[in-house]
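Trainee: coords below, sequence missing:
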């Protein structure tokens, strides 16, 4: 069994990770999980990646019960990893940090015949999800 401090850290990280998977999606969190579990064996890394996908599938209709079940599973996985890699304890916070939504940039260039406002259209469109403006770059 794991010591109380390790389980407290693992449980907290697991709850935050499950909430982040539910809100940010598996794709964004898969990168964080892969980075965190980078010291693990290849089998453990595959298990962690599969756990992200399984968690996302189980949380398609999130309920407190479903979140509690997957958080308990994550707590065990994280606790086992931390027990084997104590130096990763300082990196647990990375799992708990919220994933900032990045901006997406689309560029459009329309040329040729057809109806275009003002002739050719050149420019871009940037969405900053909760972030600061990029200054029109």
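Mentor: The structure has been received and is ready for your questions. All figures in this text were calculated on a predicted structure; none of them were measured in a lab.
Trainee: got the end-to-end distance for stretch 58-66?
Mentor: Using CA to CA, to the nearest Å, one end of stretch 58-66 lies 7 Å from the other.
Trainee: how close does residue 82 get to residue 10?
Mentor: As judged by CB to CB, to the nearest Å, residue 82 and residue 10 stand 6 Å apart. From N, CA and C alone the C-beta is placed, and that goes for glycine too.
Trainee: what do those two both touch?
Mentor: residue 92 (CB atoms under 8 Å, 6 or more residues apart in numbering).
Trainee: now stretch 67-87: buried residues?
Mentor: 67, 70-71, 73-75, 77-82, 85 (16 or more other CB atoms under 10 Å).
Trainee: show the average pLDDT along it.
Mentor: The average pLDDT within stretch 67-87 is 91.
Trainee: what's in contact with stretch 65-78?
Mentor: 7, 9-11, 13-15, 17-19, 22, 47-48, 51, 54-55, 58-59, 92, 95.
Trainee: and stretch 14-31, by the same measure?
Mentor: So stretch 14-31 is in contact with 32-33, 49, 52-53, 55-56, 59, 62, 67, 70-75, 77-78, 95-96, 98-99, 101, going by CB under 8 Å, 6+ apart.
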